[in-house]
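Peer 1: the following comprises the amino acid sequence and a computationally predicted model.
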Amino acid sequence: MPRRSPGEIRAELPVRGGAGTRQVIRGLSAATNRQIAMFEVLHRQPPGSVAHAYRSWATALHEWPDHGSNHGHGSTSWRDMHARTLLEGVASSMRRAARREFLDAIAPLDARFLARTLQDPSAPVSDPWWKRRLG
């Protein structure tokens, strides 16, 4: 019986999730993305959920009109607020250097959110700052 080549054997093996299949946040170091992946595992989040939350927060803010424009006001859905809450939870669980890098990546998005919203005077003080804003 002829021997099969290693390539034929590998072609029949099931595809494994490798390093290339994990969703990461571009611009962050490998160490920071590793800590994000560990957060997802420890908190039973689906792989890539933090990267999805980051993109969701960024997309929601880019779709908003400028506060001074006459095109109406943007609104932030509960999904966008959940995304920002998840990002805050990740940041609080990271080591100092990774947290600084992660918050530096989120800072321009938060600045855009702050510039396009107003403080809600009737919001409970116990809510996080992003939930105490009016769109």
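Peer 2: Happy to help now that I have it. Everything numeric in this text was worked out from a predicted model, so none of it was measured. Residues are numbered from 1 along each chain as shown.
Peer 1: rest of the way, CA atoms for contacts and neighbours
Peer 2: Fine.
Peer 1: measure residue 124 to residue 117 for me?
Peer 2: 17 Å (CA to CA, to the nearest Å).
Peer 1: who's more crowded, those two?
Peer 2: Each of residue 124 and residue 117 has its neighbours counted (other CA atoms under 10 Å); residue 117 has more, 19 against 11.
Peer 1: contacting residues around the residue nearest the centre of the chain?
Peer 2: Centroid check for the chain by CA atoms, centre = their mean gives residue 54 as the closest residue, at 2.3 Å. Residues near residue 54 by CA atoms under 8 Å, 6 or more residues apart in numbering: 25, 83-84, 87, 106.
Peer 1: nearest residue to residue 92 other than its sequence neighbours?
Peer 2: Leaving aside its sequence neighbours, residue 92 sits nearest to residue 99 (CA to CA, 6 or more residues apart in numbering; 7.3 Å).
Peer 1: list the buried residues for the host helix or strand of that neighbour?
Peer 2: Per DSSP states H and E: residue 99 is located in helix 96-116. Residues 98-99, 101-103, 105-106, 109-110, 113-114, 116 are the ones in helix 96-116 that count as buried (16 or more other CA atoms under 10 Å).
Peer 1: and it, how far out from the chain middle?
Peer 2: 11 Å (CA atoms, centre = their mean, to the nearest Å).
Peer 1: what's downstream of that helix, the next helix or strand?
Peer 2: strand 118-119.
Peer 1: and that next one, what's its mean pLDDT?
Peer 2: Strand 118-119 shows a mean pLDDT of 92.
Peer 1: strand partners (parallel or antiparallel) of that strand?
Peer 2: strand 133-134 (antiparallel) (DSSP bridges).
Peer 1: contact partners of the partner strand?
Peer 2: Counting by CA under 8 Å, 6+ apart, 114, 117-120 sit against strand 133-134.
Peer 1: cool, stretch 95-106 as well?
Peer 2: The contact list for stretch 95-106 (CA under 8 Å, 6+ apart) reads 27-28, 31-32, 35, 54, 91-92.
Peer 1: any idea how far the residue nearest to residue 92 is from residue 45?
Peer 2: Taken as CA to CA, the span from residue 99 to residue 45 is 19 Å.
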